[in-house]
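> Take this sequence and fold it.
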Amino acid sequence: MTTQTTTDKNVIATTDAPAAIGPYSQAIRVGDMLFSSGQVGLDPKTGEMVAGGITEQTTRVLENLKAVLAKAGFGLEHVVKTTVFLKQMSDFAAMNAVYATYLAPEGVVAPARSTVQVAGLPKDALVEIEVIAKG
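Sure, this is the predicted structure:
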């Protein structure tokens, strides 16, 4: 990674997470801050949605985000804010159970979070999550 100033926008991209499928980046790093695009439950190897329901998709989403964070030298413990988009709010408890294991394990300060229900998500996903992290 190149040396950066607080005004530099640096693209973060990894093959360990699904490639951007439009005019956006997987994440942008500005100084010690990282702003991710939303991730859905796409398997980065196949480009297909993972099989199963909200639990499997949430796990894949968080693994994708973990890979993007790692490419920038961050870990999940650096996440300060998340936004969760759910297709159905009835999936909240199942999503939250997986989310807690990744972003709020014992001894880790949980990030701030917003969760909203949306009419639809790319690839008919059940969940999409984006993060902001600080190094």
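> can you give me the helices in this protein?
54-71, 92-103 (DSSP state H).
> which residues are contacting the last one?
Contact partners of helix 92-103, identified using C-beta atoms under 8 Å, 6 or more residues apart in numbering, comprise 53-55, 58-59, 62, 66, 76, 79, 82, 84, 86, 110-111, 115, 127, 129. For every residue, glycine as well, the C-beta is placed using N, CA and C.
> do the first one as well
The contact list for helix 54-71 (C-beta under 8 Å, 6+ apart) reads 12-14, 16-18, 26-27, 34, 36, 39-44, 49-50, 75-76, 78-79, 91, 94-95, 97-99, 102-103, 125-129, 131, 133.
> Of these, keep whichever come out buried.
Neighbour-count burial (16 or more other C-beta atoms under 10 Å) applied to those gives 12, 14, 17-18, 26-27, 34, 36, 39-42, 44, 49-50, 76, 78-79, 91, 94-95, 98-99, 102-103, 125-129, 131, 133.
> Narrow these to those in strands?
Of the positions in the buried ones among the contacts of helix 54-71, 12, 27, 34, 36, 79, 127-129, 131, 133 sit in strands, assigned by DSSP state E.
> Surely Q26 is in contact with D16?
No: applying C-beta atoms under 8 Å, one finds Q26 not in contact with D16, separated by 9.9 Å.
> tally of neighbours for D124?
Using other C-beta atoms under 10 Å, D124 has 9 other residues around it.
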